[in-house]
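1. next input, structure requested:
(one chain, ligands or ions: 2)
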Amino acid sequence: MSKSLDASAAQADRTVAQVIDTIADAASDVRTAIATEREHSGTVNPSGDEQLAADLRADELFEERILGIDGVATYASEEREEVATSDGRLHVAMDPLDGSSNLEPNSGMGTIFGVYTERPPTKGRNLLAAGFVIYGPVTSMVVARDGRVKEYVLGDEQRLVDDDVTVPDDPTVFGFGGGVDSWTDEFQTFAEAVRHELKLRYGGAMIADINQVLTYGGIFAYPALESRPEGKLRLQFEGQPMAYIVEAAGGRSSDGEQSLLDLNPDELHERTPLHLGNASLVDRLESEVGQ
Ligand code: AHM
Ligand code: MG
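-> Ligands and ions are numbered 1, 2, ... in the order given. Now for the predicted structure:
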């Protein structure tokens, strides 16, 4: 590697580290927003979902802090139409508050982020790092970087609790979004078989459901629906970062045909059918269900 390439790789590395630290630091303020900004804002996001005040607060907070990092060129989020810009070389895409409809019943919620080398919309193969925070009984953070996944508990200081998160070989849990009647016939048949093999865990927040898969092994899906073949979840902000994490942990991701990291989005807010988990289960899903 030439000296200048070396220097720019080292700079990118520092920027990634700062993005991760900034998100970890912001987590306590997001927790406060979850506790205090519970009302509907009366607005909808670009996907047409109603926004809560906490969604907007988390988005503003991350925009300000992420764009304040030297080396970050753009901030894109599920909660805003346009990409916000600054000077720099790396691009951050986020779902500031994933699962915010869980605010009312006080269930799990999280923050998802991906750091891309190209401005979104772009391929998941352009991710340099990705991670998520869970605002659960404790605030935890899972980060995938350099082919390795680590888990931290956040608080006054970050505590590393697992320095090599891997999807367990023997799958135990499953969680599928969308109602049974909204699934395709092929997915219904697949789900019926899986139901007899694994234990149901579905909480309504993808980050928490996927963290169960990382912990116990299994499969999470928000599949193509009869009335909505593109599924519900967004590729850039949810699908690609979570696929990057699960694949780095030894699992697989798929839209039904190929890895979510190989899809090439045309639109920033594009949706995708999403299936993530143990490779054996995702392989089976691809052959029995497809897209
Ligand atoms: P959000 O990002 O607007 O909160 O929506 C995404 C969430 C996922 O976390 C979760 O898997 C899914 O939507 C839940 O949808 P449903 O309410 O249909 O089960
Ligand atoms: Mg979300």
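2. need the longest helix for this protein.
-> Across the chain, the longest stretch assigned as helix under DSSP state H is helix 3-36.
3. in that one, what counts as buried?
-> Going by neighbour count (16 or more other Cβ atoms under 10 Å), the buried part of helix 3-36 is 12, 15-16, 18-20, 22-24, 26-27, 30-31, 33-34. (Each C-beta comes from the backbone N, C-alpha and C, glycine too.)
4. with stretch 122-141 instead?
-> Within stretch 122-141, the residues scored as buried using 16+ other Cβ under 10 Å are 122-124, 126-136, 139-141.
5. phi and psi next, for the residue in the chain that ligand 1 sits nearest to.
-> At 3.5 Å from ligand 1, M206 is the closest residue in the chain, using Cβ to the nearest ligand atom. Main-chain torsions, M206, degrees, to the nearest 10: phi -60, psi -40.
6. tell me the pLDDT at it?
-> With respect to pLDDT, M206 scores 98.
7. still on that earlier bit, so which of the buried residues of stretch 122-141 belong to helices?
-> Among these, no member falls in helices (DSSP H).
8. can you narrow those residues to ones near ligand 1?
-> Restricting the buried residues of stretch 122-141 to those within reach of ligand 1 (Cβ under 6 Å from any ligand atom) leaves nothing.
9. just the mean pLDDT for the longest helix of the chain, thanks.
-> So the average pLDDT for helix 3-36 ends up being 93.
10. what does stretch 148-161 give?
-> Here the average pLDDT along stretch 148-161 is 96.
11. list the buried residues of it.
-> Neighbour counts over stretch 148-161 (16+ other Cβ under 10 Å) mark V149, K150, E151, Y152, L154 as buried.
12. which of the residues you listed lies closest to V289?
-> V149 (26.6 Å; Cβ to Cβ).
13. right, and the helix or strand after the strand ranked longest in the chain?
-> Assignment by DSSP state E gives strand 88-98 as the longest strand of the chain. Going down the chain from strand 88-98, the next helix or strand is strand 110-116, by DSSP states H and E.
14. now for that following strand, which elements pack on it?
-> In terms of contacts (3 or more Cβ pairs under 8 Å, 6 or more residues apart in numbering; DSSP states H and E), strand 110-116 is packed against helix 3-36, strand 88-98, strand 127-135, helix 206-216, helix 240-248.
15. what packs against the longest one?
-> Where contact means 3+ Cβ pairs under 8 Å, 6+ apart, helix 3-36 is packed against helix 53-67, strand 71-77, strand 88-98, strand 110-116, strand 127-135, strand 139-145.
16. count of neighbours near the residue of the chain found nearest ligand 2?
-> Nearest residue of the chain to ligand 2, counting by Cβ to the ion: D98, 3.7 Å away. For D98, the neighbour count with other Cβ atoms under 10 Å is 28.
17. ok, residues contacting stretch 133-148?
-> Stretch 133-148 has contacts (Cβ atoms under 8 Å, 6 or more residues apart in numbering) with 16, 20, 23-24, 27-28, 30-31, 34, 108-111, 128-132, 149-155, 158, 161, 163-165, 207-208, 211, 214, 244-245, 248-249.
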